[in-house]
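Visitor: model the following, please.
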Amino acid sequence: MSVASTATPKQRSYFDLFEVPPKLRIEMSALEKKFLELSWKLHPDKFVNASAEEQELSLKNSSELNDAYRVLRDPVARVEYLLELEGMRKEGEHKQQAPPELLEEVFELNESLDELREAKASGGDLTSLKSRLESAEKNFQEKLGAVDARLQETAREWDAAIDGNAGGTERKGIMVRLNELLNRRSYIRNLVANVAKELL
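Guide: Numbering: from 1, shown residues only. Below is the predicted model of the structure:
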């Protein structure tokens, strides 16, 4: 059996691979159905009697399909991938800069974390410090929820722009906002993770 017809060349995007438009809201059941269909076609077991070259290509295609499915089914990874495709974000790039309006809260949080570490080291009372940090963690969790809501809202704007064949300037403006939201989300998530680690 030839893999030529089921090859997934590198220049194809994950959206192309799944035959969906480059939109941020995807019907999950349709995505899963397409994944199962392509998995069956590309599975290495179907190429056991093929040439070594075709077997290798089958493995590569199957691996790419799994990567594509993992990215497209995750709403945040999907935004990151779209921005990478559009040249707006490099893979793994997260700008770790505190959003200006959070600077004071971040400063206070870092002070509380330092105090907790010192109290742990000196055997001091941790109760009030832990309580303050738990409250800060809850506050930042809420901020994370708000960022996620704005990310979904901006994703809807992107999809509307795609449906309406919006011009490059409008699309670029939406992508800039998506990128800022991703950076903000990454920053707040790291804060929450740092607090959670210290509270263990």
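Visitor: what about the strands in the protein?
Guide: Ranges of strands in the chain, per DSSP state E: none exist.
Visitor: show me what the longest helix seen in it is packed up against.
Guide: The single longest helix within the chain, with elements called by DSSP state H, is helix 127-163. Using 3 or more CB pairs under 8 Å, 6 or more residues apart in numbering; DSSP states H and E, the elements in contact with helix 127-163 are helix 75-85, helix 103-122, helix 168-199. For glycine as for every other residue, the C-beta is placed from the backbone atoms N, C-alpha and C.
Visitor: apply 6 Å and report the result again.
Guide: Under the contact criterion of 3 or more CB pairs under 6 Å, 6 or more residues apart in numbering; DSSP states H and E, helix 127-163 touches helix 103-122, helix 168-199.
Visitor: next, the buried residues of that helix.
Guide: 129, 133, 136-137, 140-141, 143-144, 147, 150-151, 154-155, 157-159, 161 (16 or more other CB atoms under 10 Å).
Visitor: quick one: distance of it to the chain centre.
Guide: With CA atoms, centre = their mean, to the nearest Å as the basis, helix 127-163 stands 14 Å off its chain's centre.
Visitor: cool, and stretch 111-126?
Guide: Averaging C-alpha positions (CA atoms, centre = their mean) puts stretch 111-126 34 Å from its chain's average.
Visitor: alpha carbons of it, in PDB - could you do that?
Guide: The C-alpha coordinates for stretch 111-126 follow below in PDB (Å, rounded to 0.1, in the frame of the first residue of the first chain):
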ATOM      1  CA  GLU A 111       7.300  39.900  49.600                       C
ATOM      2  CA  SER A 112       4.900  37.400  51.200                       C
ATOM      3  CA  LEU A 113       6.600  34.500  49.500                       C
ATOM      4  CA  ASP A 114      10.000  35.700  50.800                       C
ATOM      5  CA  GLU A 115       8.600  36.100  54.300                       C
ATOM      6  CA  LEU A 116       7.100  32.500  54.100                       C
ATOM      7  CA  ARG A 117      10.500  31.100  53.000                       C
ATOM      8  CA  GLU A 118      12.300  32.900  55.900                       C
ATOM      9  CA  ALA A 119       9.700  31.700  58.400                       C
ATOM     10  CA  LYS A 120      10.100  28.100  57.100                       C
ATOM     11  CA  ALA A 121      13.900  28.300  57.400                       C
ATOM     12  CA  SER A 122      13.800  29.800  60.900                       C
ATOM     13  CA  GLY A 123      10.900  27.700  62.200                       C
ATOM     14  CA  GLY A 124       8.600  30.700  62.600                       C
ATOM     15  CA  ASP A 125       4.800  30.800  62.700                       C
ATOM     16  CA  LEU A 126       3.500  30.100  59.200                       C
END
